[in-house]
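Undergrad: no sequence for this one, just the structure:
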C-alpha cells in the first residue's frame, strides 16, 4: 500500500502511474467494500478518466499541483458537483441540484486529485459510529464485525484498506479522530477555519473538516492542498504561507510535552492506557521533556451536549420527522429543542472559559498528549459499547469533544494493538494555529514506530 507522498514522487520520476494507483484503489474497493461498506458512491469510470489525464500531465511535466493523481475519497457530508450529498439521510432529495463543490473538494480538483467517490456517514454526522437507514453500517478493517467509529467511519475504513491514499472527513466532536483510533489510521482535526466549510454546518463552530490518511506525512500533504481562504466561509483563515511538510521531521527533542492519561476524569481500558503510556515513552526517548499532568478542567460534556443537541434540533427543524430518521437523532433533537437561549449562552461561556484555560496551559507546555479514546472498537451497529450507562456517544468519547469546544488542532495516530488485535490511538493536541506542531510530534512518533505500517486483518486474508 503506497503512501500519497510516495505516489507523487513516483509520478514525478515515472516509476509509478496515476492509472495504476487508481486501479489499485478501485480493486481494493471491489475486494473489500462488500464486507465493510465504506462507500455510498463509486465512480470507477470517472476516476480512471481523471487518472489518465493526470498521467498525461505528469509525462508532460505539467502537474496541476502536489496532489495530482492521488486517489481520494470524500465523506458524504461535503458537497461535490454532480454527485448527491445525502448525509446518510432519507430526507434529502438526491435530484439536487448539486452544482457546487465544498471548498476542500474544490481544492482537490484544482490540484488534480483523482476523486474515487463518496464515503459513508451516519445521518447528518450526528454520532460517533457510522450507520444509517439509507446505507447501513460500516465495519472495521481489522474486524468487519466491529465498528469503524464515526462519523467519518467510511473515510477511515477506506484509507485503512487502501481504497485511496487520501480521504476528507468532518469532525464536530471527534468524527475524524474517533474512527482513526478505531481503525489504526491517522487523522487531524485542524484549527477551526484552517479548512473552510461551505455550506456552514448546523452544528456551528464545533464542526471542522479534516484530512484522513495512513501516515502523518500524508496528512500534512493533504492539509497543504485543502487549507486556505475561501470567501464562502465567513470564518476561514488566511491561506497558510508555508507547507505543513516544512519542519515535519524536526523531531521532539526539547519539546515540552504534557501527558494526561485520563484528563482527571476518564476511566480507560487498561490495555489502551498501557499502549498510550508506552507511546509517551517513545516520545521521551526521542528527547521530549515529558511531564505527567492534567490540564485542570472538569468534563465539559454537559456544555458540549447543549451545543450539539441544539444543532441536531436545527438539522431536523425543516423536515417532517418520522420513523425514517435515526431514533437516536430524533431523541437528541427533542432534547436540543428544549434548550433556551440562556442555556446555549451558558454552554458557550463554559466553552470560552475552557479555551482560555487551554491557552494558558500551552504557555507552559508545547503539546498535550492523551489517549484518543479510552476503549477500542465495539460491535458494529451499536451507538455505544456493551454495558454503557448512557445512550449518548459523547459518554465514550471524552478525549475528543473538549477540543472541538476550544477549536484546537488535535491529531490521532495509531499507537499499538490490544491482545484482541484492535488498534488504539494517541492524541496530540496543540494551541490554536499550532497545527504544524501536532504533525511534527506525530511524525516523530511514527518515525520511531511501525504501527502505521501494519497490514489490516481483512487485507491480510
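TA: Perfect, I can see it now. As the structure is a prediction and not an experimental result, all values here were calculated from the model.

Undergrad: from here on, contacts and neighbour counts on C-alpha atoms
TA: Fine.

Undergrad: Can you check the distance spanned by stretch 202-216, start to finish?
TA: 30 Å (Cα to Cα, to the nearest Å).

Undergrad: what do you get for stretch 168-182?
TA: In stretch 168-182, first residue to last residue: 17 Å (Cα to Cα).

Undergrad: Could I get the buried residue list for that stretch?
TA: For stretch 168-182, a neighbour-count test (16 or more other Cα atoms under 10 Å) marks 168-182 as buried.

Undergrad: Same question for stretch 279-287.
TA: Buried residues in stretch 279-287 (16+ other Cα under 10 Å): 279-280, 282-284, 286.

Undergrad: can you check stretch 437-450 too?
TA: Applying 16+ other Cα under 10 Å to stretch 437-450 flags 437-446 as buried.

Undergrad: closest to residue 388 among the buried residues of stretch 279-287?
TA: Distance to residue 388, by Cα to Cα, is smallest for residue 279 among those, at 27.4 Å.

Undergrad: so who does the residue nearest to the spatial centre of the chain touch?
TA: Closest to where the C-alpha atoms of the chain average out (Cα atoms, centre = their mean) is residue 176, at 1.9 Å. Applying Cα atoms under 8 Å, 6 or more residues apart in numbering to residue 176 gives the contacts 150-153, 156, 169-170, 187-189, 210-212.

Undergrad: need those in CSV with secondary structure and pLDDT, can you?
TA: As requested, those are arranged in CSV below (DSSP: H, G, I helix; E, B strand; the rest coil; pLDDT from 0 to 100):
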residue, secondary structure, pLDDT
150, coil, 98
151, coil, 98
152, coil, 98
153, helix, 98
156, helix, 98
169, strand, 98
170, strand, 98
187, strand, 98
188, strand, 99
189, strand, 98
210, strand, 98
211, strand, 98
212, strand, 98
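
Undergrad: could you flag which of these are buried?
TA: 150-153, 156, 169-170, 187-189, 210-212.

Undergrad: Report the two of the buried residues of stretch 437-450 separated the most.
TA: 437 and 446 (14.2 Å).

Undergrad: Which helix runs longest in the chain?
TA: helix 341-364 (DSSP state H).

Undergrad: Other residues contacting that one?
TA: So helix 341-364 is contacted by 256, 295, 297, 300, 302-304, 306-307, 405-406, 430-431 (Cα under 8 Å, 6+ apart).

Undergrad: And the buried ones among those residues, selectable in ChimeraX?
TA: The buried subset of the contacts of helix 341-364, as determined by 16+ other Cα under 10 Å, is captured in ChimeraX by this line:
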select :256,295,300,303,304,306,307,405,406,430,431
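
Undergrad: mind listing which of the contacts of helix 341-364 are in helices?
TA: 302-304, 306-307, 405.

Undergrad: can you put these in CSV and add distance to residue 74?
TA: Shown next, in CSV, are the ones in helices among the contacts of helix 341-364 (distance: Cα to Cα, whole Å):
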residue, distance to residue 74
302, 31
303, 30
304, 26
306, 29
307, 26
405, 25
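
Undergrad: Show me which of those residues is closest to residue 139.
TA: residue 304 (27.2 Å).

Undergrad: Roughly how far does that closest one sit from residue 311?
TA: 11 Å.

Undergrad: Throw the contacts of helix 341-364 into JSON lines and include distance to residue 39 and pLDDT, thanks.
TA: Converted to JSON lines, the contacts of helix 341-364 look like this (distance: Cα to Cα, whole Å; pLDDT from 0 to 100):
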{"residue": "256", "distance to residue 39": "41", "pLDDT": "98"}
{"residue": "295", "distance to residue 39": "39", "pLDDT": "98"}
{"residue": "297", "distance to residue 39": "39", "pLDDT": "98"}
{"residue": "300", "distance to residue 39": "34", "pLDDT": "98"}
{"residue": "302", "distance to residue 39": "33", "pLDDT": "98"}
{"residue": "303", "distance to residue 39": "33", "pLDDT": "98"}
{"residue": "304", "distance to residue 39": "30", "pLDDT": "98"}
{"residue": "306", "distance to residue 39": "31", "pLDDT": "98"}
{"residue": "307", "distance to residue 39": "29", "pLDDT": "98"}
{"residue": "405", "distance to residue 39": "30", "pLDDT": "98"}
{"residue": "406", "distance to residue 39": "31", "pLDDT": "98"}
{"residue": "430", "distance to residue 39": "32", "pLDDT": "99"}
{"residue": "431", "distance to residue 39": "34", "pLDDT": "98"}
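
Undergrad: Out of the contacts of helix 341-364, the closest to residue 15 would be?
TA: Nearest member of those to residue 15, counting by Cα to Cα, is residue 430, at 37.6 Å.

Undergrad: Spatially nearest residue to the closest one, not counting backbone neighbours?
TA: Sequence neighbours aside, residue 367 is the residue nearest to residue 430 in space, at 4.7 Å (criterion: Cα to Cα, 6 or more residues apart in numbering).

Undergrad: what bridges to that neighbour?
TA: Taking DSSP bridges as the rule, residue 367 bridges to residue 257, residue 430.

Undergrad: Tell me, how many residues neighbour it?
TA: By other Cα atoms under 10 Å, 23 other residues sit near residue 367.

Undergrad: hang on, it packs against residue 438?
TA: Yes: using Cα atoms under 8 Å, residue 367 is in contact with residue 438, at 7.4 Å.

Undergrad: Give the intersection of the neighbour lists for those two.
TA: Contacts common to residue 367 and residue 438, judged by Cα under 8 Å, 6+ apart, are 428-430.

Undergrad: Could you single out the nearest of those to residue 194?
TA: Using Cα to Cα, the shared contacts of residue 367 and residue 438 come closest to residue 194 at residue 430, 14.3 Å.

Undergrad: still on that earlier bit, any chance of the contacts of residue 176 in TSV, plus distance to residue 346?
TA: Converted to TSV, the contacts of residue 176 look like this (distance: Cα to Cα, whole Å):
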residue	distance to residue 346
150	28
151	27
152	29
153	32
156	34
169	29
170	26
187	31
188	29
189	25
210	28
211	32
212	33
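
Undergrad: with these in mind, which one is nearest to residue 419?
TA: Nearest member of those to residue 419, counting by Cα to Cα, is residue 156, at 21.7 Å.

Undergrad: wait, what's in contact with that closest one?
TA: 148, 167, 176, 179-180, 183, 185, 212-213.

Undergrad: and with 7 Å instead?
TA: 179-180, 183, 185, 212 (Cα atoms under 7 Å, 6 or more residues apart in numbering).

Undergrad: Against which helices or strands is the helix or strand where residue 224 lies packed?
TA: Per DSSP states H and E, residue 224 falls inside helix 216-226. Judged by 3 or more Cα pairs under 7 Å, 6 or more residues apart in numbering; DSSP states H and E, the packing partners of helix 216-226 are helix 103-111, strand 208-213, helix 435-448.
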